[in-house]
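A.B. asks: Below is the structure, and that's it, no one-letter string:
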DNA sequence: CTGAAAGCGCTAACAC
DNA sequence: GTGTTAGCGCTTTCAG
């Protein structure tokens, strides 16, 4: 050994080079295989307590950090999962992502986040890149009702959990809010305030949420014996403020009569606000608006937006746990989770003017 | 070969197993080393055009996807960088993160995002985990003025770029907005509107932004010949709505006289809104408020917030480029970037009541 | 220009 | 219980 003292030797490893399992093994006077077993919680019991302790000490002294890359290469696993979202810049997703990470962290997993911009080609490239990085599973927030890529993955039995959205095929686990009940909450609230003609600015029909909320809207009206008038519904091409504005404008332009509008989500509701402002209509005096999502800061709008709260963080966290279940055991039966929603009453919904 | 037809053989690789470089080499009738050279753009010129083409074709037929894990293990690089932020849930960060990704993507790099929650211990654990994953560099948005971890990394000459914040030591490249000019823009605007006594709700003094904006506030007042009164400044312990509210409350409680307030950022401005509302003070009639950042949706507040816009996406993108420069060549001289800011005039700042 | 060979750091049969 | 061995898939000297 070219090192004058043990200390120098240690310093060499700690500072200059990062210690490998071989170094640890040599220091503990055992074979690398044994060191591996001693350090890995899952195999720890295969080795003598005393030996294990020696290895642990050596590892600590050398500042040993396992190399996850080498481990991945050997095991074809990575202790990481991919998170596929349209755009982190959309305020809907940060809380979900945080939930996912918080669900993953205790299990020692971490998340790779990618933004697809709702571009199927980009999505496919990103998923492929995630898979070549050996992610152990995928959490997907971009589901459209028809989604070949997702069905492909599901057919392969690749661990996969959808958040926020579902696809038509029931074989893919999903964690979503209970939109039907959320819509019912909103409509009932409006009805109780005295509204009878309630319009709907609907989300894109190729999303499960857009379509589901629209259906729930119709069903709830029916249940309450309120008029179900197709002329009171305007669909959007995207979940954007701009589309929300266009939709409400159409409704207003054709002189539809209504005193309240349920927006498919908060972004669409924001668009409604814009149109009302433009036309000098007061919310809620002239028109009540209810949103969906309870996005950050909608309580600061004028008027503060009454909306349906979705537990985004929890959705992410549950999805992470569901995914981990499937990662650990691919034969875990497919299970979806429906989380309860709550109505947040603020000032954008009030009794209609007489 | 146990396969009856070439097609079956191909299917085997394409569908059942993922083809490796060896498979490609065998199919092209060359040595794996040659196949590697042929497929890697950087070594491509070392091999005969004809051979290279054969290899390329074989790769395509087999649906070959290089395994980045194996490559990383060999090269100690990963074509990925770590992005260290306090919390993706803070609306400040998504656009920066997006900018980083957009800056990285064309170069074939991707980003690992981690949330520190401003916890130094967690940060250190996360950075260490990123490094063991062989990230080629780090983009850090969590800098405090004193930041041992960052200085350590810098001392090692580990590729590193700060965004949004700086540290005291000048040896670390940073991409930030030109806060001094931004503050000047805001104060001058207020002065032009006729305000003379302008208060400041200052960000945390252990952040470069908090401190820098405070300094710029004083300097600009002085330049304009306006009163520089320490009694008109209240400091915050965090960049939060709550802290902003507490700060403005303190100012109001001690009966300080002022007609406008410059908030250290939009979140603090939001806190100011809350206090004004609570006390029945009208903004801007009784009190003008100017924010900083131009966060998403502050244009929807009541009143829409006048604020200083920081080009967050661009900050992220420039940081990515700067980092990549250093990754490719560690001896690239340290260079920091100051991006111009703009004042966004909305309705929260108006002439003072006489 | 291409082949041969070694090895990145780790794990997992398989021996003993 | 622990050592031995082989190998995950790739790159990169070194020969020729």
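C.D. replies: Cool, got the structure. Note that the structure is a prediction, hence the values are computed from the model and not measured. Numbers count the residues shown, from 1 in each chain, chains lettered A, B, ... in the order given.

A.B. asks: Show me which residues of chain A are close to DNA strand D?
C.D. replies: Within chain A, the positions adjacent to DNA strand D are A:29-34, A:37, A:46-48, A:50-52, A:70, A:73-74, A:76 by CB under 7 Å from any atom of the strand. All C-beta atoms are positioned from the backbone trio N, CA, C, and that covers glycine.

A.B. asks: the helices in chain A, which residues?
C.D. replies: A:6-11, A:21-28, A:32-39, A:49-62, A:68-75, A:93-104, A:120-132, A:148-155, A:179-193, A:208-223, A:241-253, A:266-278, A:312-328 (DSSP state H).

A.B. asks: okay, and for chain A, where does confidence drop off?
C.D. replies: When residues are selected by pLDDT under 70, those of chain A lie in A:1-16.

A.B. asks: Give me the nearest residue to the residue nearest the centre of it, chain neighbours excluded.
C.D. replies: Residue closest to the average C-alpha location in chain A (CA atoms, centre = their mean): residue A:96, at 3.9 Å. Excluding its sequence neighbours, the residue lying closest to residue A:96 (CB to CB, 6 or more residues apart in numbering or on different chains) is residue A:316, at 4.2 Å.

A.B. asks: I'd like the distance between residue A:44 and residue A:36.
C.D. replies: 10 Å (CB to CB, to the nearest Å).

A.B. asks: Give me the more crowded residue out of the two.
C.D. replies: Neighbours were counted for residue A:44 and for residue A:36 using other CB atoms under 10 Å in any protein chain shown; residue A:36 has more, 18 against 14.

A.B. asks: Would you confirm that the more buried one contacts residue A:21?
C.D. replies: Yes - when contacts are counted by CB atoms under 8 Å, residue A:36 is listed as touching residue A:21 (5.9 Å).

A.B. asks: ok, back up a step: now restrict the residues of chain A next to DNA strand D to buried residues only.
C.D. replies: Neighbour counting by 16 or more other CB atoms under 10 Å in any protein chain shown classes A:30, A:34, A:37, A:47, A:51, A:52, A:73 among those as buried.

A.B. asks: Residue of the stretch 251-354 of chain A nearest DNA strand C, please.
C.D. replies: Here the stretch 251-354 of chain A gets closest to DNA strand C at one residue, residue A:328, 13.5 Å apart by CB to the nearest atom of the strand.

A.B. asks: How many residues are close by the residue nearest to residue A:194 when sequence neighbours are not counted?
C.D. replies: In this structure, residue A:194 finds its nearest non-sequential neighbour in residue A:351, 4.7 Å apart by CB to CB, 6+ apart. Using other CB under 10 Å, residue A:351 is surrounded by 15 other residues.

A.B. asks: Give the full set of residues in contact with residue A:351.
C.D. replies: A:193, A:194, A:195 (CB atoms under 8 Å, 6 or more residues apart in numbering or on different chains).

A.B. asks: so the second one sits right up against residue A:350, yeah?
C.D. replies: Spelled out, that is residue A:194. No - using CB under 8 Å as the test, residue A:194 is too far from residue A:350 to be in contact (9.3 Å).

A.B. asks: Of those two, which one has the most company?
C.D. replies: Using other CB under 10 Å as the criterion, residue A:194 and residue A:350 rank with residue A:350 on top: 18 against 13.

A.B. asks: just checking, the more buried one touches residue A:288?
C.D. replies: Yes - here residue A:350 reaches residue A:288: they are 6.0 Å apart, a contact under CB under 8 Å.

A.B. asks: what is in contact with the two at once?
C.D. replies: Common neighbours of residue A:350 and residue A:288 (CB under 8 Å, 6+ apart) are residue A:193.

A.B. asks: who's in contact with residue A:54?
C.D. replies: Counting by CB under 8 Å, 6+ apart, residue A:54 makes contact with A:28, A:29, A:30.

A.B. asks: Please repeat the previous calculation with a cut-off of 6 Å.
C.D. replies: residue A:28 (CB atoms under 6 Å, 6 or more residues apart in numbering or on different chains).

A.B. asks: from memory residue A:52 sits against residue A:38, does it?
C.D. replies: Yes - Residue A:52 is in contact with residue A:38 according to CB atoms under 6 Å; the separation is 4.2 Å.

A.B. asks: Around residue A:17, count how many other residues there are.
C.D. replies: 9.

A.B. asks: I'd say residue A:185 and residue A:344 touch.
C.D. replies: No - if you go by CB under 6 Å, residue A:185 and residue A:344 don't touch, sitting 9.9 Å apart.

A.B. asks: Would you indicate which residues of stretch A:178-197 are buried?
C.D. replies: For stretch A:178-197, by 16+ other CB under 10 Å, it's A:178-187, A:189-191, A:193, A:195-196.
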